[in-house]
Structures are given as structure tokens and as C-alpha cells.
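Okay, predicted coordinates and the sequence, questions at the end:
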Amino acid sequence: MTSREVLRKVFGYESFRGEQQEIVDHVVAGGDALVLMPTGGGKSLCYQIPALVRDGVGVVVSPLIALMQDQVDALQNLGVRAGFLNSTQFPDERSMVEAQFLHGEIDLLYLAPERLRTEQTARLLDRGKISLFAIDEAHCVSQWGHDFRPEYLALSQLHERWPDVPRIALTATATKATHAEIAQRLGLTDARHFVSDFDRPNIQYRIVPKNDPRKQLLDFLRTEHADDSGIVYCLSRNSVEKYAQFLSDNGFTALPYHAGLDAGTRARNQSRFLREDGLVMVATIAFGMGIDKPDVRFVAHVDLPKSVEGYYQETGRAGRDGLPSTAWLAYGLQDVVQQRKMIDDSEGDQAHRRKLMHHLDAMLALCETVECRRVRLLDYFGQSASPCGNCDTCLAPPETWDATVPAQKVLSTVVRLRKERRQKFGAGQTIDILLGRRTAKVLQHDHDTLSVFGIGTELDEAGWRGVVRQLLANNLIAVEGEYSTLVLTPDSEEVLFKARKVSMRRDPERVRPAKAAKAK
Ligand code: ADP
Ligand code: ZN
């Protein structure tokens with residue numbers, strides 16, 4: 001069959017989408033390919049169709065062990081002969097699939113990357129006929145990326161051992177740096193690169209300052225997505241449980257998903273999410289890779305993602321059907337403090353920490369931008385765009401204001417507190433001092449006698465939290481140690497002593513419709 005016939009007869013689709021046709025033709029002809037295509041773009045057909053058209057078995061390397069069974073079932077339902085080998089199988093199942101491979105009785109074989117490292121698997125592959133290697137989630141090979149898996153490094157050997165077999169590497173997430181690293185690490189020197197448009201115009205991006213996240217989430221869901229399917233991402237297992245309970249208590253059908261749940265519960269919750277309408281999955285980032293549900297109407301983050309790549313991939317799970325969808329993120333001072341601290345505490349060398357910092361900084365820049373979110377997002381992936389009209393900053397352009405004086409007040413307070421060597425104070429104490437609050441902790445340390453006590457009455461608490469958050473986001477201040485003590489950075493000195501101007505994004509007023517009406 002030709003590739004077009006396979007597309008129609010096997011998969012039941014009328015026409016190729018985007019660059020699928022070119023990619024398929026290139027791989028069918030035996031060329032190597034590196035495919036960057038957003039989630040939902042249709043990457044699977046790019047290797048499945050060549051595997052069916054070419055002689056031999058297509059070997060698909062995928063880290064998604066939990067999904068292999070589903071993927072193979074789905075193919076078998078279409079009448080495609082497929083199998084998988086991974087650590088979840090019994091030995092007899094494994095030998096059956098191995099026999100099918102050797103006799104050419106399957107067209108697609110899914111393999112976990114750690115399998116490929118074993119000499120036993122390599123010898124098995126030597127004895128069969130391979131039509132192509134597909135390397136799915138190829139960004140996992142990048143140490144610079146956000147989802148590095150050491151097993152992927154061994155994939156560089158595919159070409160040395162089987163030089164005549166074409167390879168196609170695919171990913172939905174790659175900045176310029178990751179893109180180059182994938183090509184280099186996989187030795188894809190002669191590969192053609194297919195880079196799709198990463199824009200997802202039907203997704204509306206919104207990032208709001210976090211002040212009362214539960215209430216904010218509830219308002220968002222009730223007013224815009226009351227009966228819709230969607231995902232709420234949380235940073236920790238504990239908050240997943242709490243948010244799932246909270247949404248259930250408030251009339252939503254919400255289920256938790258995180259790596260601490262047993263495999264049975266996870267599988268059950270996942271399959272309910274795929275099959276039922278109007279279900280909210282509250283999850284850590286353990287959930288979502290490889291999930292193909294077309295009508296996810298929203299992706300909400302109640303904690304700050306660690307990188308733009310992660311954010312893009314997670315939000316990309318919304319609106320695969322092309323219909324309007326929302327990516328909503330609530331983000332606040334505490335997120336910055338917590339994540340900076342997590343990086344400080346993280347294992348690994350200095351270079352590793354620097355990488356994590358760089359990822360976080362890029363994410364913070366996206367949060368604090370006054371420009372179109374989509375422009376910033378696409379720019380991160382090396383693509384240019386013009387203001388989209390479908391993100392919060394386009395719909396309600398945020399103002400900027402000269403925050404130089406408030407910034408100097410925060411920094412001076414930090415300087416005063418630093419003089420008390422043994423004491424460690426974080427953002428909360430700093431703000432209490434600026435506001436002139438005589439709290440127990442302020443009195444205990446005689447902080448009401450500091451010259452900066454009470455000099456910050458021009459802003460309220462939320463205002464000061466916004467200022468500290470933006471100082472942190474812009475590296476004009478840093479946090480350090482167990483108590484997340486605020487400390488100066490080299491750049492702070494310029495603000496304090498050289499009158500460097502600080503411009504900030506004005507946080508939107510909290511919406512209080514009733515009061516606002518009365519005030520008139
Ligand atoms: P990705 O792996 O890039 O996230 P998939 O390969 O899972 O995307 O495809 C996303 C969805 O689009 C799937 O439901 C798939 O069946 C569908 N799809 C892919 N290619 C086509 C096509 N040419 N015509 C219609 N639907 C397609
Ligand atoms: Zn925009």
C-alpha cells in the first residue's frame with residue numbers, strides 16, 4: 001500500500017495534516033528526520049505509516065511505559081499488528097512478542113529505552129528486520145531540557161549498530177538549545193528537520209497574581225468551565241489531594257492523580273478522565289504525557305511551573321480539538337521563594353543548579369511580561385509572532401509603573417535586617433516592618449525601632465508582595481538559606497546606590513464588583 005492508502009484504509013483519515021505528508025515521504029524513502037511538532041499535531045502517524053509501508057518492523061522507543069498497552073491496543077483495534085516489550089510483562093508474554101518480531105508478524109514494536117541498553121535486546125533486534133527507529137519524546141535526551149532521562153543517552157548507539165535503518169526523532173517541546181542538543185546527542189547529522197508552527201491559537205493564555213488560590217480557581221471554573229473537562233496542576237502530592245477534595249466539596253467531579261497513588265487507582269482515574277465528560281483531574285506533572293483527550297477545555301496551574309517548556313507542554317493538553325480553551329495560571333510571591341529554595345536545596349552540581357535557575361527565570365519573565373504572552377512563549381521556542389488578541393495582556397494591557405522608590409524601601413529594609421547577623425528574616429517580616437505593624441515578632445526583635453519602620457504605607461500588603469515578587473523575578477533581590485532570608489544581589493546595589501530605575505507591572509486590582517459599584 002502507498003502511504004496515502006494506509007492513511008485512508010488503516011487510520012480512516014481523508015488527508016494528511018500540516019507537514020505529515022512530507023515527513024512520511026521522507027522516512028519512507030529511508031531518510032532520517034527530526035520532527036518538532038506541538039502536542040496534538042499528529043506525530044504518531046509520522047512513524048506509524050512509514051513503519052507499515054516499509055519492509056520490516058518499526059521499533060518505537062518511548063519512555064511512556066504505562067501507556068504502551070493502550071497504544072498497542074489502539075493500533076490493534078485498527079487492525080495494525082503491534083506489540084511492546086517492557087518491564088511490566090511476564091516472561092512468556094515477552095517471548096511471544098519476541099517471536100512475533102523475529103518472524104515479522106508485527107509491524108510496530110514499542111520498546112522502553114532501558115531495554116535497548118541491554119545486549120540481549122540488541123541481539124534480538126540484530127536477528128529481525130527493522131524498518132525504522134522512532135524515538136518518541138526525543139527531548140528526554142537533552143540534559144539542558146526539563147525532562148532528561150539518562151537511558152536516552154544510549155540511543156546515540158542506534159546508528160552505529162544499525163547504520164542502514166532510518167531514524168525519526170519526535171518531540172513536542174524544544175527550544176533552540178534543546179533542538180540542537182537532540183540532533184547532536186542522537187547523532188542525527190544528516191537528518192532533515194521538520195519544525196512546525198508551535199502556536200496554539202485556540203488556547204487563551206492567562207496568568208493572574210495569586211492571592212486566594214482556592215477561591216480564584218473556583219471562580220474561574222464556575223464562571224467559565226462549569227461542566228468542562230480539564231486538568232488542575234499542583235506542585236505537590238499533598239496539594240493535589242487537598243485541591244481534589246476542595247473541588248469535590250464544591251460540586252465538581254474531581255479526581256487526584258500523582259505518583260504516590262497505587263497503580264490501580266492511577267489507571268482507574270486516568271481512564272475515567274478519558275471516558276467521562278466534565279471531569280476535573282487534579283494532578284502533579286506525573287499526569288498527562290501521551291494522554292490524547294481532544295476536549296480538555298482548560299488547564300489550570302495553581303503553582304508555578306518550573307520551566308516554560310513544562311508550562312507549554314502542560315497547557316498544550318488543552319484544546320487538541322481546536323476549540324476555544326483556557327490556560328490559566330495563578331502565581332505569587334511564595335511560588336518564587338519556594339522554587340528558588342528548592343533549587344538551592346537540590347542535588348547536583350553548580351551547573352545543574354544554574355540550569356534550573358535559568359529555566360525558572362524564563363518562566364518568571366513570562367509571568368511578569370507586559371507584552372503578549374503568546375509572543376513571549378513562541379519567542380522562547382525561536383518563533384516570531386505578532387500580538388495575538390487572545391491572551392490576558394492583549395485583552396487588558398497591563399500598566400507599568402515606576403517602582404524605584406518602593407524597591408529602594410524594600411532593599412533598605414533588607415540591608416537593616418542583614419546587620420543583625422544571627423537573625424534570618426523573610427519577605428513577611430520585611431513587609432510587616434514597611435507597613436509599620438507591631439506584630440509579636442516585630443516587637444520581639446525591636447524592629448519597630450528601625451528607621452525603615454512604617455515607611456511603606458503607600459502600598460497595602462498585596463501591593464508589597466507584588467513588589468517583592470517582581471524584585472525576586474528580576475533578580476534584584478534573592479532568597480537564601482533555610483528561612484528564605486531576603487538578600488541583596490549585585491543588581492540591588494545599582495537600585496540602592498546608583499538610582500537605577502525599576503519599572504514594574506501593575507497587578508490588576510482584585511475584582512470586587514459590589515464595592516466598586518457603591519464607591520461611585
Ligand atoms: P501528538 O503525538 O503529536 O500529540 P497524535 O499523534 O496523538 O498527536 O495525534 C493527535 C490527534 O490527531 C489524534 O487523535 C490523531 O488521531 C489525530 N490525527 C492525527 N493525524 C490526523 C490526520 N491526518 N487527520 C485527522 N486526524 C489526525
Ligand atoms: Zn496576546
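Sure, I can see it. Ligands and ions are numbered 1, 2, ... in the order given.

Enumerate the residues of this protein near ligand 2.
Within reach of ligand 2 by CB under 5 Å from the ion, the chain has these residues: 372, 374, 388, 391, 394. C-beta: built from backbone N, CA, C; applies to glycine.

Tell me the one among these nearest to K176.
R374 (17.7 Å; CB to CB).

does the residue nearest to that closest one when sequence neighbours are not counted belong to a helix or a strand, and which?
In space, and not counting its chain neighbours, R374 is closest to C388: 4.1 Å by CB to CB, 6 or more residues apart in numbering. If you go by DSSP states H and E, C388 is not part of any helix or strand.

returning to what we had before: turn the residues of the chain next to ligand 2 into TSV, including pLDDT and neighbour count.
Below are the residues of the chain next to ligand 2 laid out as TSV (pLDDT from 0 to 100; neighbours: other CB atoms under 10 Å):
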residue	pLDDT	neighbour count
C372	96	22
R374	97	24
C388	96	20
C391	97	22
C394	95	17
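
Return the member of these nearest to L255.
Nearest member of the residues of the chain next to ligand 2 to L255, counting by CB to CB, is C391, at 29.0 Å.

Report the beta-bridge partners for the closest one.
Y205 (DSSP bridges).

my read: it touches R206, true?
Yes - between C391 and R206 there is a contact under CB atoms under 8 Å: 6.8 Å.

can you list residues touching both of those two?
By CB atoms under 8 Å, 6 or more residues apart in numbering, C391 and R206 have these common neighbours: R373.

residue ranges for the helices of the stretch 251-400 of the chain, please.
263-275, 308-315, 333-345, 350-368, 373-380, 392-395 (DSSP state H, counting those that start in this stretch).

Deepest in the core, which of those helices is it.
Across the helices of the stretch 251-400 of the chain, averaging neighbours per residue (mean count of other CB atoms under 10 Å) puts helix 308-315 on top, at a mean of 24.

hmm, that helix in reach of ligand 1?
No - with CB under 6 Å from any ligand atom as the criterion, ligand 1 is not reached by helix 308-315; the gap is at least 10.1 Å.

Tell me which other helices or strands that helix touches.
Packing partners of helix 308-315 (3 or more CB pairs under 8 Å, 6 or more residues apart in numbering; DSSP states H and E): strand 296-301, helix 350-368, helix 373-380.

who wins for proximity to ligand 1 among the ones you listed?
The closest of the helices and strands packed on helix 308-315 to ligand 1 is strand 296-301. By CB to the nearest ligand atom, the value is 12.3 Å.

For that closest one, which strands pair with it and how are they oriented?
Here strand 296-301 is paired, per DSSP bridges, with strand 229-233 (parallel), strand 325-331 (parallel).

Okay, buried residues for the helix or strand just after the shortest one please.
Toward the C-terminus, strand 229-233 is succeeded by helix 237-249 as the next helix or strand (DSSP H and E). Within helix 237-249, the residues that qualify as buried are 237, 239-241, 243-244, 246-247, counting by 16 or more other CB atoms under 10 Å.

Which two of those residues have the greatest separation?
Checking these with CB to CB, the most distant pair is R237 and L247, at 16.0 Å.

For ligand 1, give me its nearest residue in the stretch 351-500 of the chain.
F381 (15.2 Å).

Once you drop chain neighbours, what's closest to G316?
Using CB to CB, 6+ apart, the nearest residue to G316 is T39, at 3.8 Å.

The one you found touches G319, doesn't it?
No - the criterion here is CB under 8 Å, and T39 misses it with G319 at 10.0 Å.

And the residue of the stretch 201-350 of the chain closest to ligand 2?
The nearest approach of the stretch 201-350 of the chain to ligand 2 comes at Y205, 7.1 Å away (CB to the ion).

Can you report how many residues lie near G278?
Residues lying near G278 (other CB atoms under 10 Å) number 14.

Check it and give its pLDDT.
G278 is assigned 96 on the pLDDT scale.

Now it. Its backbone dihedrals?
In this entry, G278 is assigned phi and psi values of phi 70, psi 30 (degrees, to the nearest 10).

Quickly find the element holding T178.
Using DSSP H and E, T178 falls in helix 176-185.

All the strands of the stretch 1-150 of the chain, in order from the start?
All strands of the stretch 1-150 of the chain, identified by DSSP state E, counting those that start in this stretch, fall at 33-36, 57-61, 82-85, 108-111, 130-135.

Give me the helices and strands touching the first one, please.
Helices and strands touching strand 33-36, by 3+ CB pairs under 8 Å, 6+ apart, are helix 20-28, strand 167-171, helix 176-185, strand 192-195.

what residues does it touch?
19, 23, 26-27, 43, 46, 138, 166-172, 174, 179, 182-183, 186, 188, 191-196, 198.

Which residue is the nearest non-sequential neighbour of the residue of the stretch 351-500 of the chain closest to ligand 1?
Excluding its sequence neighbours, the residue lying closest to F381 (CB to CB, 6+ apart) is F198, at 4.9 Å.

for G288, same thing?
In space, and not counting its chain neighbours, G288 is closest to R317: 5.4 Å by CB to CB, 6+ apart.

Okay, buried residues for the helix or strand harbouring V410 please.
Using DSSP H and E, V410 sits in helix 404-419. Within helix 404-419, the residues scored as buried using 16+ other CB under 10 Å are 406-414, 416-417.

was I right about W464 contacting I455?
No - if you go by CB under 8 Å, W464 and I455 don't touch, sitting 11.5 Å apart.
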